[in-house]
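In: give me a model of this one.
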Amino acid sequence: MGKKLLREYYELCEGGVCQDLLTEEEKRYVANGGMILSGKLQEADIQNGNGRIYPHAVLMREMKNYSKLVNEKRALGELDHPEDSVINLKNASHLVTDVWWDNKNVMGKVKVLDTPSGQVLKSLVSSGVKLGISSRGMGSVQESAGQTIVEDDFQLICFDFVSEPSTPNAFMMQEAKDFKNSVFTKADRINRLLNEVLEDE
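Out: Reported below is the predicted structural model:
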């Protein structure tokens with residue numbers, strides 16, 4: 001089975017902000033008109049709304065790789081899922097600034113950007129619209145004992161903001177070469193390989 005574009009949906013904290021997750025500096029930034037959203041980004045070892053299960057080891061590896069993008073301020077996302085695996089800079093609405101684990105939940109903070117899509121996102125949240133965060137990645141799935149398990153070839157691309165919860169057909173078939181050639185740099189692929197080698201020791 002070939003790789004598919006896998007997308008998942010999670011709701012953020014009430015109003016998009018979990019105040020107890022913000023630092024004092026972030027609270028001041030918000031008080032001065034900025035917007036930082038926070039909440040659960042993903043979850044391991046549990047069947048999600050799409051009927052898929054992300055094994056903890058697979059998600060742990062991908063979040064380790066994704067943390068590099070976060071630290072380099074390259075963890076961009078879009079408002080709504082695009083039709084492909086490419087992160088379109090012209091549609092970027094936010095930047096993931098922090099990720100961490102809380103048991104089997106991936107938690108995160110997202111800075112809303114001062115871009116056209118970011119302004120739309122900020123306006124929607126300010127108007128009380130209930131939005132969700134949705135992961136986008138490439139990978140294969142297998143059926144096992146009536147469950148759909150995401151396989152070890154899964155690679156996380158980004159987190160997007162969406163209005164609709166995921167449905168069973170909320171993924172498209174994509175050419176794997178598009179993913180390899182357009183999302184990550186050569187340095188990102190080397191970092192991924194190094195992480196895999198270190199985990200095998």
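In: after the strand or helix carrying Ser93 comes which helix or strand?
Out: Element membership for Ser93, per DSSP states H and E: strand 92-102. Going down the chain from strand 92-102, the next helix or strand is strand 105-112, by DSSP H and E.
In: residues contacting that following strand, please?
Out: Applying CB atoms under 8 Å, 6 or more residues apart in numbering, the external contacts of strand 105-112 come out as 21-22, 26, 34-44, 59, 63, 77, 93-101, 118, 121-122, 125, 133, 159. All C-beta atoms are positioned from the backbone trio N, CA, C, and that covers glycine.
In: mean confidence (pLDDT) on it, please.
Out: The average pLDDT within strand 105-112 is 89.
In: show me the contacts for the residue nearest the centre of the chain.
Out: Compute the mean C-alpha point of the chain, and by CA atoms, centre = their mean the closest residue is Phe159, 2.6 Å away. Under the criterion of CB under 8 Å, 6+ apart, the neighbours of Phe159 are Leu41, Ala75, Gly77, Val96, Gly108, Val110, Ile133, Ser134, Ser135, Arg136.
In: ok, now with 10 Å
Out: Neighbour list for Phe159: 8, 10, 41-42, 66, 75-78, 94, 96, 99, 106, 108, 110, 133-137 [criterion: CB atoms under 10 Å, 6 or more residues apart in numbering].
In: likewise for Val58?
Out: With CB under 10 Å, 6+ apart as the criterion, the residues that contact Val58 are Ala44, Asp45, Gly139, Ile149, Val150, Glu151, Asp152, Asp153, Phe154, Gln155, Leu156.
In: doesn't Ala188 belong to a strand?
Out: Wrong residue type there; residue 188 is Asp, not Ala. No. If the criterion is DSSP: H, G, I helix; E, B strand; the rest coil, then Asp188 is helix and not within a strand.
In: burial of it, as a residue count?
Out: 15 (other CB atoms under 10 Å).
In: touching, it and Asn65? I think so.
Out: Yes. Taking contacts as CB atoms under 10 Å, Asp188 lies within contact range of Asn65: 7.7 Å.
In: does Val125 touch Met35 like I think?
Out: Yes. Using CB under 10 Å, Val125 is in contact with Met35, at 6.6 Å.
In: not counting sequence-adjacent ones, nearest residue to Val99?
Out: Gly108 (4.5 Å; CB to CB, 6 or more residues apart in numbering).
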